[in-house]
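J.: Below: sequence and its predicted model.
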Amino acid sequence: MTIAFAATLLILFIGWAGSALGLQYLLGVILPLAAGAVFIIGFIWKIVRWAKSPVPFAIPTVAGQQRSLAWIKPNRLECPWTTPAVIGRMLLEVFAFRSLFRNTRAERTTIDGTPRVTYFSNKWLWVFALLFHYSMLVIIIRHARFFLDPVPTCIAVIEFVDGVFQVGAPRFYLTDAFILGALAFLLLRRVCTEKLRYISLPADYFALFLLIAIAGSGICMRYISKVDINQVKEVIMGLATLQPVDPSGIGSIFFIHVTLVSALLIYFPFSKLMHMGGVFMSPTRNMKCNTREERHVNPWNPPKSYHTYAEYEDDFRDAMVEAGIPVEKQPEPKTEA
Amino acid sequence: MAKMPTPEELLAVTPASFPKEGWMDTKPDFHPGSFCYPAKTEILKGLGFENAHDWAPDNEDWELPENWEDIIHNSLQDALNKHRSLKVFMDCCVRCGACADKCHFFIGTNDPKNMPVLRAELLRSVYRKDFTTAGRLLGKIAGARKLDKSIIKEWFIYFYQCTECRRCSLFCPYGIDTAEITVIVRQMLLDLGLGIHWIMNSVNDCNRTGNHLGVQPHSMREIVEFLCDDIETITGIRVDPPWNEKGHEVIFITPSGDYFADPGIYTFMGYLMLFHEIGLDYTLSTYASEGGNFGSFVSFDVAKKLNAKMYAEAERLGVKWILGGECGHMWRVVNQYMATYNGPTPPNMEVPVSPITGTVFKNAAATKMVHIAEFTADLIKHNKLNLRPERNNHIITTWHDSCNPARAMGLLEEPRYILRHVCNNFVEMPEHTIREETFCCGSGSGLNAEEIMDQRLRGGFPRANALRYVHDTKGVNWMGCVCALDRAALPPLVDYWVPGVTVSGLHELVANALVMKGEIPRTMDLRQEDLPFPDEDPAASEEA
Amino acid sequence: MYNAKFVIPGIIVFAGLFTAPFWINMLSSGYEAVEVELPTEPVTFFGEERSQCVEPKEWMAANHMELLLEWRDQALREGKRIYVATDGKKWETSLQNTCMACHSNKAEFCDKCHNANSVNPYCWDCHVVPQGNNHEFE
């Protein structure tokens, strides 16, 4: 955790020091463009790397009644047997975190001297995971106002809804609070629960710290250490049209934010954050559960090699005949010694 | 079996908290009872595992082949090239911990390495070191560690403490399936010549004799004759199942546990009585006399090898389709792997049609194999069976969804439908422990070996706990299930945790309730125990 | 590569979404930096001709909304009508009488920049929108 924290601070420091040392062009133009390229190429590279391995077997995890007899109601979404149903299952998984919604908590207790285990429905992880991901999505979409000109109405609508309480100027966004709250929850459960603490790697903390730093620096730039967003837009439009504009003159918080975001983009394809692509590629979720109805083909299916019936009968022919079991080849008559 | 601690003692010695040092720094503990006996060298050699050698898990030196690191590296590379699942599962776990307390072994042992996430990390850490740049450069900071011999030992302990029940994969937001990882690691260990006796011996027997128990054809026929004698004693009817006969419509394949071990034999008797009653045109086979597939626990190739016999025998005997008995992992293989492994089916096979009801089993159109619960549920729905559930009135039963039929197939309602028609008292166990969220018996995936009874009882604790709840609150005294490993593993488990509950297969209960044409009034059940509510003797009532 | 018929469209959607700004900007008319109309003539406040803004121009560009909020609170809630700037100069805390006295063209000053950056301040929920350009203030 310390390492992850230090790494995040280091990135933050690079952003700050770089802008103080006059490296605005490097941090504000070259770095984000390079990071964007690494992100997109790296992401595609990873997906292609996965796709280069086949899916030899149909191994969906079935989570509901199969379709068998006509009068038994099958569960279309939990045991999908058509492609649209699989898409439905995947949509639920991707947009509603269906599997995480199932989460339970097992607790071992002793009642009247006998050991017990009790299961509690446990939706907190689901709630905060959804909250984080949707806040993140809204925030990314909101940022389109810097990338597009003119700003499409739909983005203005999202901004309006996000800032619907009209608190402060600039207007306070709900997602800013949600994302920090959700990240804090995700971090705290890693630190506070024994199981999570034990399995957590530096990478798990790093992703959280990095996201907290990004959200924090963004919030700071909007509400505390403000920058001239018109100038910011000029710089970002420069990036989005590949006609870079000199970003010097913008406050250093901007460079801190951009450096952190660039770090995230570069880190993304090589980390667990690739679950964004992985969730689509998981054979236990994205396959049809009609495995007896439709044969799945394994491209590397090895040739059949098994103990054949003929070999088997050779081993046991006499005993089989004696037991009255039919054989293909009658035993040779015993010759008199 | 060594003297077992009481249930209270067993869980009392479970550590309350995790070790202080991180998981990379804890070493596995090898004491008798913590590991399975190693596979015999000649058996592994015979199955084509080149690096088979003599070794013992509790020895310091496992005498690994000289280039063991290369073997593991190449084996992992090969698995990554062959299975997209493995690549995705290695790369995109976020360690959210949703799977942690879903594993029955974790609940029963509180050993952090039994959390599915950490079980997978045991491999993932090595993968990072060997196959990712960050892992190569940053090492432990990136969650990577260099392969060493203690990691091999750790794999041996913990990947033989996973029953491949896939409960974790249900809760994982990315569907990461530990069973997939477990099979692959077990395959890698076999490449080093490390396997366990209980599995590999069964594989070897199955390969040679056609079944895991190594029962030879003549003995098999003899055993079934004895069971037929018992059926005659109970019902007065002689059933005579055909063996290896050509020209029948159906071949019936069931796990060998069903004709060899108590209480599976009663289920087997149930099948025979049912088939006799409905006049099914079927045959049994001594060659394909195993529904289960211990190969599937350790290697996809071995699984294919054993599974191939089903279609080979179906072709030789010229049957139209296969009817499969009650088994768990057998149905994982049949439902999800068989067509891929050994399909397309031989030309003589057709889409299964029930000869009694005319129902077409379209859901088995490619594999052409029907689960007996589907088959019987269809018979009951069409009123083809004369059932007298009152005979089971002394039973308050619950239903244990076996992991594989539940989570690899979705066979949830069929057995319940049957159960409700053959038993008047059926009680569900609490939610989160049934249907797709069912708990493993703790002995699946070839871990029903005697020498690890302690582990098995701990692993079975969540299942037993749910059973005890309905035993205590609803008076449940019976647990039905649809898996042969369950029938072998649950009785000792239940005797230990919840004495007073009987475990049986579904078709034992069916046959108890089944009124056969021309049978004598039943006074005893299939176990030849007196029925508390025996049939009225028509002769006696006429006299009255 | 396997399952290309799903993977490739997936990749295209991903790349399309994340590079959308480039394509959209390429297709749209082309972005030009916002040039707002700045006051040219000095305006008299407190008997003094002033051609400087209340606070330094750079500060105002980033933080004017903060000043406006402060003025709103002072004028409406506390009844304080005088603001002392950092440089000691006094100003009347009034949007209409101070700000708009110089920046009289709302459309060419406020709106241009706000629209370009999708900012929708709620100043005009209460204040009367000045009609036309170079509106005369009393």
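T.: Looks like it came in fine.
J.: Where does A:Val117 sit: helix, strand or coil?
T.: strand (DSSP: H, G, I helix; E, B strand; the rest coil).
J.: Where does B:Asp495 sit, in terms of helix or strand?
T.: Element membership of B:Asp495 [criterion: DSSP states H and E] is helix B:484-497.
J.: May I have the strands that pair with the helix or strand following that helix, each with its orientation?
T.: Moving toward the C-terminus from helix B:484-497, the next helix or strand (DSSP H and E) is strand B:502-505. Partners of strand B:502-505 in the sheet, by DSSP bridges, are strand B:478-481 (parallel).
J.: about what we covered before: give the other helices and strands that the helix holding B:Asp495 contacts.
T.: Secondary-structure packing of helix B:484-497 (3 or more C-beta pairs under 8 Å, 6 or more residues apart in numbering or on different chains; DSSP states H and E): helix B:257-260, helix B:264-278, helix B:453-459, helix B:461-474, strand B:478-481, strand B:502-505. For every residue, glycine as well, the C-beta is placed using N, CA and C.
J.: And the strands in the chain, which stretches?
T.: If you meant another chain, say so; for now it's chain A. A:104-111, A:114-121 (DSSP state E).
J.: should've been chain B
T.: B:250-253, B:282-283, B:321-324, B:369-371, B:397-400, B:478-481, B:502-505.
J.: cool, chain C as well?
T.: C:43-45, C:48-50, C:82-84, C:90-92.
J.: Out of the ones you listed, which is closest to chain B?
T.: If you check each of the strands of chain C against chain B by C-beta to the nearest C-beta, strand C:82-84 wins as the nearest, at 51.8 Å.
J.: can you list the weak-confidence ranges in the chain?
T.: All of this is about chain A. A:334-337 (pLDDT under 70).
J.: Chain C is the one I meant
T.: Ranges of chain C meeting pLDDT under 70: C:131-138.
J.: Around chain B, which positions in it sit nearby?
T.: C:Tyr2 (C-beta under 8 Å from any C-beta of the partner chain).
J.: if we can go back for a sec, pick the most deeply packed of the strands of chain C.
T.: Stretch with highest mean neighbour count among these: strand C:90-92 (a mean of 16; mean count of other C-beta atoms under 10 Å in any protein chain shown).
J.: can you list contacts of that one?
T.: Residues outside strand C:90-92 that contact it (C-beta atoms under 8 Å, 6 or more residues apart in numbering or on different chains) are C:45-46, C:54, C:81-85, C:98.
J.: Please apply the same query to stretch B:107-114.
T.: So stretch B:107-114 is contacted by A:106, A:108, A:117, A:195, A:198-199, B:11, B:14-16, B:18-19, B:23, B:26, B:101, B:103, B:105-106, B:118-119, B:122, B:154, B:158, B:161, B:442, B:455, B:457-462 (C-beta under 8 Å, 6+ apart).
J.: With just CA atoms, put it into CSV.
T.: What follows is stretch B:107-114, C-alpha atoms only, in CSV (Å, rounded to 0.1, in the frame of the first residue of the first chain):
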residue,chain,number,x,y,z
ILE,B,107,-15.7,-21.6,5.0
GLY,B,108,-14.6,-24.9,6.5
THR,B,109,-10.9,-24.2,7.0
ASN,B,110,-10.5,-20.4,7.2
ASP,B,111,-7.3,-21.0,5.3
PRO,B,112,-6.8,-17.8,3.2
LYS,B,113,-5.3,-19.8,0.3
ASN,B,114,-8.7,-21.5,0.0
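J.: can you give me the offset of it from its chain's centre?
T.: Distance, stretch centre to chain centre, for stretch B:107-114: 22 Å (C-alpha atoms, centre = their mean, to the nearest Å).
J.: Check stretch A:172-180 too.
T.: 21 Å.
J.: next one: stretch B:158-171
T.: Taking mean C-alpha positions (C-alpha atoms, centre = their mean), stretch B:158-171 and its chain are 13 Å apart.
J.: can you give me the end-to-end distance of it?
T.: This stretch, stretch B:158-171, spans 20 Å end to end (C-alpha to C-alpha, to the nearest Å).
J.: try stretch A:187-203
T.: End-to-end for stretch A:187-203, by C-alpha to C-alpha: 12 Å.
J.: Identify the residues contacting the residue in the stretch 201-350 of chain B that chain C sits nearest to.
T.: Taking C-beta to the nearest C-beta as the measure, the stretch 201-350 of chain B has B:Thr340 as its residue closest to chain C, at 14.3 Å. Applying C-beta under 8 Å, 6+ apart, one finds that B:Thr340 lies in contact with A:56-58, A:295-298, A:301.
J.: sorry, back to before: for the helix holding B:Asp495, what is the average pLDDT?
T.: Mean pLDDT, computed over helix B:484-497, is 90.
J.: Distance from the chain centre to it, please.
T.: 12 Å.
J.: Compute the inter-axis angle for it and helix B:264-278.
T.: Angle of helix B:484-497 versus helix B:264-278, following axes from the mean of the first three to the mean of the last three C-alpha atoms, to 10 degrees, is 130 degrees.
J.: can you state the direction angle for helix B:484-497 and helix B:461-474?
T.: 60 degrees.
J.: quick check, distance from stretch B:261-277 to the centre of its chain.
T.: That offset, for stretch B:261-277, works out to 18 Å (C-alpha atoms, centre = their mean).
J.: list the buried ones in that stretch?
T.: Neighbour-count burial for stretch B:261-277 flags B:261, B:263-277 (criterion: 16 or more other C-beta atoms under 10 Å in any protein chain shown).
J.: Check stretch B:138-145 too.
T.: B:138, B:140-145.
J.: What's the local residue count around residue 61?
T.: No chain was given, so I picked chain A. A count of nearby residues for A:Thr61, using other C-beta atoms under 10 Å in any protein chain shown, gives 27.
J.: could you do chain B instead?
T.: 8.
J.: ok, now B:Ala120?
T.: B:Ala120: 28 neighbours (other C-beta under 10 Å).
J.: Could you report the distance from it to B:Val126?
T.: 11 Å (C-beta to C-beta, to the nearest Å).
J.: try C:Arg81
T.: Taking C-beta to C-beta, one finds C:Arg81 at 74 Å from B:Val126.
J.: if you skip the residues just before and after it, what's nearest to residue 7?
T.: As the question left the chain open, I've gone with chain A. Nearest residue to A:Ala7 in three dimensions, chain neighbours excluded: A:Phe206, at 5.8 Å (C-beta to C-beta, 6 or more residues apart in numbering or on different chains).
J.: hmm, I had chain C in mind actually
T.: That would be A:Ala51: by C-beta to C-beta, 6+ apart, it lies 4.4 Å from C:Val7.
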